[in-house]
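J.: Any chance you could fold what I've pasted below:
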Amino acid sequence: MILRPRQPTRRPVPARPTVRRSIGGAPDRRSRSIRRASAGLTPVRAGAILAILLSAAAIYGVAHSSAFTYAGGTVEGDTYTDENAVLAVLEGARGANLFGLVTRPLEDRIRELPTVRSADVSVRLPDTVAVRLRERTPILVWQV
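T.: Numbers count the residues shown, from 1 in each chain. So this is what the prediction gives:
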C-alpha cells in the first residue's frame, strides 16, 4: 500500500451575485442608505465655540491689563552688591507688562556689575520682578 499526500480539495468559488438593473439602468441598492449626522452647528458645538471665545478674550484682557505692569523689584543675595545699582538696571523695564517681559536681557545687564557672578530674574505677580544674586567671592574687602 502506497501512501500518497492528500490533495487539498478545492471548494467551488461561489459565483458573484449578479446585479439586477432597474429600468433606468442604475443598480438597485442592496441595503437601505445610512443617514449620517451632519457636520452642522449643534447646540453643544455652539456652546464650545462660545466658551473658547470667552476664554481667549479673558486671557487677552488679563495679559494686557495695567494690573500686571512692573512697579517694583526685590533683590536677594546682595551682600557686596549695591541694591540700588541692581534696581537701576531694572528701571528700563518699569511699566512693562509682566506677561510679555523678557528676563534674559535684564540678567545679562545685572551680570555686568563687577560683584555679580550670576543673576536669576523672575516675575512675581501681580507687579514685582525678583532678582536672586550669586556674588563673586572677594579676595579682599576694603572698608573705609
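J.: what about the strands in the protein?
T.: Under the criterion DSSP state E, the chain contains strands at 72-76, 116-124, 128-135.
J.: Parallel or antiparallel, which strands does the last one pair with?
T.: Each strand pairing with strand 128-135, determined using DSSP bridges, is listed with its direction: strand 72-76 (parallel), strand 116-124 (antiparallel).
J.: how far is the longest helix anywhere in the chain from where the chain is centred?
T.: Longest helix of the chain, by residue count under DSSP state H: helix 43-63. Distance of helix 43-63 from the chain centroid (Cα atoms, centre = their mean, to the nearest Å) equals 17 Å.
J.: cool, and stretch 63-79?
T.: 24 Å.
J.: Residues in contact with that stretch: which ones?
T.: Residues from elsewhere that reach stretch 63-79 (Cβ atoms under 8 Å, 6 or more residues apart in numbering): 62, 81, 83, 86-87, 90, 93-101, 124-135. (Glycine included, C-beta is placed from N, CA and C.)
J.: Are any of these buried, and if so which?
T.: Buried residues within the contacts of stretch 63-79, defined by neighbour count using 16 or more other Cβ atoms under 10 Å: 81, 86-87, 90, 93, 98, 101, 129, 131, 133, 135.
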